[in-house]
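K.L.:
please work out how this folds:
(one chain, ligands or ions: 1)
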Amino acid sequence: MTFHVKKLLYGGYGLAQKEGKSLMVEYALPGEVVEVQVYQEKKDHAFARAVKVLLPSPARREAPCPYYQLCGGCQLQHMEYPAQLKAKEEILLETLERIGKLKPKGMEEPLHRGEFGYRVRVQLKVSEGRLGFFERKSHRIVEIDQCLLLHPAINDLIPSLKELSKKLKTLKEVHVLYSPQEKEFLLKLLLEEAPPKEKFEKWLEHTLPPQVVGVGLYRQGRVYALGRDFTFVSVAPYRYRVSMDSFLQVNHLLWEDFVRHALPPGKFSRALELHCGIGFFSLSLAQRCEFLTAYDSNRSAIRDAEYNARINSVSNASFHYETGLGALKRHAGEVVDLLFLDPPRSGLSQGEAQLILKNRPRQVVYVSCEPTTLARDLKVLAKGGYELQSLRLVDNFPNTYHIEAIAQLTLK
Ligand SMILES: C[S@@+](CC[C@H](N)C(=O)[O-])C[C@H]1O[C@@H](n2cnc3c(N)ncnc32)[C@H](O)[C@@H]1O
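P.N.:
From the prediction side, this is the model:
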């Protein structure tokens with residue numbers, strides 16, 4: 001069966017039509033005519049894979065990675081990078097319009113740097129001693145020797161991680177965090193059963209290089225940790241402590257640009273931040289405010305953020321362990337002139353969106369890693385009187401379908 005692909009969808013699928021149904025075609029590009037194999041039929045749509053490209057797009061390229069299409073990590077490597085950026089912008093705008101009924105007043109230039117070697121944080125899967133990533137839509141493992149998205153230092157560590165995977169029979173995942181400034185690693189090992197601490201410590205000394213400064217073993221929660229629990233990263237002009245259990249933005253090539261462009265123009269007297277993590281945006285944000293109060297529901301991140309404010313001499317910000325909802329309740333009725341949000345993929349809860357409309361901060365910055373929840377939440381805020389002043393794509397995840405964006409809103 002051959003089909004004409006109309007456009008690219010969120011998720012990395014090419015969209016075609018099949019007997020009135022939407023056909024979502026993996027590894028197909030807009031404008032292409034492809035032969036497909038349908039692998040799943042639903043009531044109003046179906047999923048297929050492009051098996052032969054009869055008319056290729058000028059944006060098509062040979063994927064540089066040898067595991068592409070086997071490994072589920074990347075969806076867009078067969079597309080030239082400038083075309084990826086353009087497609088992501090279109091998807092972002094289309095999602096906002098379809099779900100949110102919104103158009104930004106201004107579209108800013110996308111933020112991007114390199115398309116490879118950008119990840120300093122990765123979760124590798126392990127099964128029966130094999131280390132790699134899951135196949136697309138499966139829990140089968142594609143064993144890898146390296147991944148082009150990773151910082152080269154993480155790739156250099158992979159042989160040691162493979163040895164570790166062979167030794168630890170119940171290992172399920174290895175989470176790696178690399179600090180490009182300190183040139184050191186933290187590892188989180190997720191296992192079904194942790195080996196005895198003393199024995200494992202001795203064994204590790206001979207298996208992992210000295211640049212691995214901390215290893216935590218987890219089974220549901222943490223069982224024990226060896227070495228250091230944290231490392232440091234720099235995002236000019238600041239230095240940040242990041243603990244094993246805290247969040248860190250994955251794309252180190254964009255760290256500085258991301259912070260700079262997320263800051264809204266102007267000065268603020270009273271600012272709130274709801275998902276502050278280690279203070280990644282907070283330290284710069286505090287320079288624009290008389291006082292910043294920041295919250296996160298992760299204790300480890302809040303401890304890091306407090307520490308980071310201290311070592312960087314930022315004294316006009318305070319950090320609290322609290323959910324977004326709890327934070328908004330605490331500040332009900334206060335005059336706030338800036339609210340800064342960076343929620344996980346699930347976006348805001350209904351309660352949070354409603355409380356924002358009650359508090360009515362003059363300006364809102366919403367950093368999002370999921371366009372569908374961004375569109376849903378902005379729709380509520382727009383109904384409550386906010387205008388979407390500008391939108392910017394931040395390409396934190398080149399070669400994958402993931403979309404990060406910064407939305408700037410003001411109260412009408
Ligand atoms: C995408 S991360 C962003 C963190 C930080 N802004 C950064 O750039 O490093 C989302 C953060 O939201 C926090 N979080 C998740 N659910 C939350 C909630 N209900 N209330 C407050 N914070 C939450 C997580 O702990 C995490 O630190």
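
K.L.:
contacts, neighbours, all on C-alpha from now
P.N.:
OK.

K.L.:
for the ligand, what are the nearby residues on the protein?
P.N.:
Proximity of the chain to the ligand (C-alpha under 6 Å from any ligand atom) is limited to residues 247-249, 274-278, 280, 296-298, 323-324, 342-344.

K.L.:
just the buried residues from the residues you listed, in PyMOL please.
P.N.:
Buried residues within the residues of the chain next to the ligand, by 16 or more other C-alpha atoms under 10 Å, are selected in PyMOL with:
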select buried, resi 247+248+274+275+276+277+278+280+296+297+298+323+324+342+343
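
K.L.:
tell me the SS of the closest residue to Glu108 other than its chain neighbours?
P.N.:
Once flanking residues are discounted, Glu108 sits nearest to Arg392: 4.9 Å by C-alpha to C-alpha, 6 or more residues apart in numbering. Here Arg392 is recorded as strand under DSSP: H, G, I helix; E, B strand; the rest coil.

K.L.:
ok, now how distant is Arg392 from the ligand?
P.N.:
16 Å (C-alpha to the nearest ligand atom, to the nearest Å).

K.L.:
tally of neighbours for that residue?
P.N.:
For Arg392, the neighbour count with other C-alpha atoms under 10 Å is 22.

K.L.:
likewise Glu201?
P.N.:
Glu201 has 15 neighbouring residues, counting by other C-alpha under 10 Å.

K.L.:
for Leu76, same thing?
P.N.:
Leu76 has 26 neighbours, counted by other C-alpha under 10 Å.

K.L.:
quick check: the nearest residue to it once chain neighbours are set aside vs Glu80, distance?
P.N.:
Spatial nearest neighbour of Leu76, chain neighbours left out: Asn399 (4.7 Å); criterion: C-alpha to C-alpha, 6+ apart. According to C-alpha to C-alpha, to the nearest Å, Asn399 stands 9 Å off from Glu80.

K.L.:
more neighbours, those two?
P.N.:
Comparing Asn399 with Glu80 by neighbour count (other C-alpha under 10 Å), the higher total belongs to Asn399, at 24 against 16.

K.L.:
I'd say the more buried one and Pro82 touch.
P.N.:
No: with contacts counted by C-alpha atoms under 8 Å, Asn399 stays clear of Pro82, the gap being 10.8 Å.

K.L.:
point out where this structure drops to low pLDDT.
P.N.:
The model of the chain has no residue with pLDDT under 70.

K.L.:
centre-most residue in it?
P.N.:
The chain has Cys369 as the residue nearest its centroid, 5.8 Å off, counting by C-alpha atoms, centre = their mean.

K.L.:
so what's the backbone phi/psi at that residue?
P.N.:
Backbone torsions for Cys369, taken as degrees, to the nearest 10, come to phi -110, psi 20.

K.L.:
repeat that for Asn155.
P.N.:
Note on Asn155: its backbone torsions stand at phi -60, psi -40 [degrees, to the nearest 10].

K.L.:
need the helices for the stretch 51-200 of the chain, in chain order.
P.N.:
81-100, 152-167, 197-207 (DSSP state H, counting those that start in this stretch).

K.L.:
among the ones you listed, which is nearest Glu290?
P.N.:
When the helices of the stretch 51-200 of the chain are compared by C-alpha to C-alpha, helix 81-100 sits nearest Glu290, at 33.0 Å.

K.L.:
which other helices and strands contact that closest one?
P.N.:
helix 371-383, strand 386-394 (3 or more C-alpha pairs under 8 Å, 6 or more residues apart in numbering; DSSP states H and E).

K.L.:
dump the ones you listed into CSV; add distance to Pro237 as well.
P.N.:
Shown next, in CSV, are these (distance: least, C-alpha to C-alpha, whole Å):
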stretch, distance to Pro237
helix 371-383, 30
strand 386-394, 21
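
K.L.:
nearest to Lys162, of these?
P.N.:
Closest to Lys162 of the helices and strands packed on helix 81-100, according to C-alpha to C-alpha: strand 386-394, at 32.9 Å.

K.L.:
next helix or strand past the closest one?
P.N.:
Downstream of strand 386-394, the first helix or strand assigned by DSSP states H and E is strand 404-411.

K.L.:
quick one: strands adjacent to that next one?
P.N.:
Strand 404-411 has the following sheet partners, assigned by DSSP bridges: strand 363-368 (antiparallel), strand 386-394 (antiparallel).

K.L.:
okay, the angle between the last one and helix 371-383?
P.N.:
Yep, that's strand 386-394 we're talking about. 160 degrees (axes from the mean of the first three to the mean of the last three C-alpha atoms, to 10 degrees).

K.L.:
would you mark the buried spots in strand 386-394?
P.N.:
The neighbour-count check on strand 386-394 (16+ other C-alpha under 10 Å) flags 386-388, 390-394 as buried.

K.L.:
likewise stretch 162-179?
P.N.:
Neighbour counts using 16+ other C-alpha under 10 Å place 162, 164-166, 168-179 of stretch 162-179 among the buried residues.

K.L.:
packing partners for the strand or helix carrying Ala46?
P.N.:
Following DSSP H and E, one finds Ala46 within strand 45-55. Packing contacts for strand 45-55, counted by 3+ C-alpha pairs under 8 Å, 6+ apart, involve strand 21-26, strand 33-41.

K.L.:
now do it: everything it contacts.
P.N.:
For strand 45-55, the external contacting residues (C-alpha atoms under 8 Å, 6 or more residues apart in numbering) are 21-28, 32-41.
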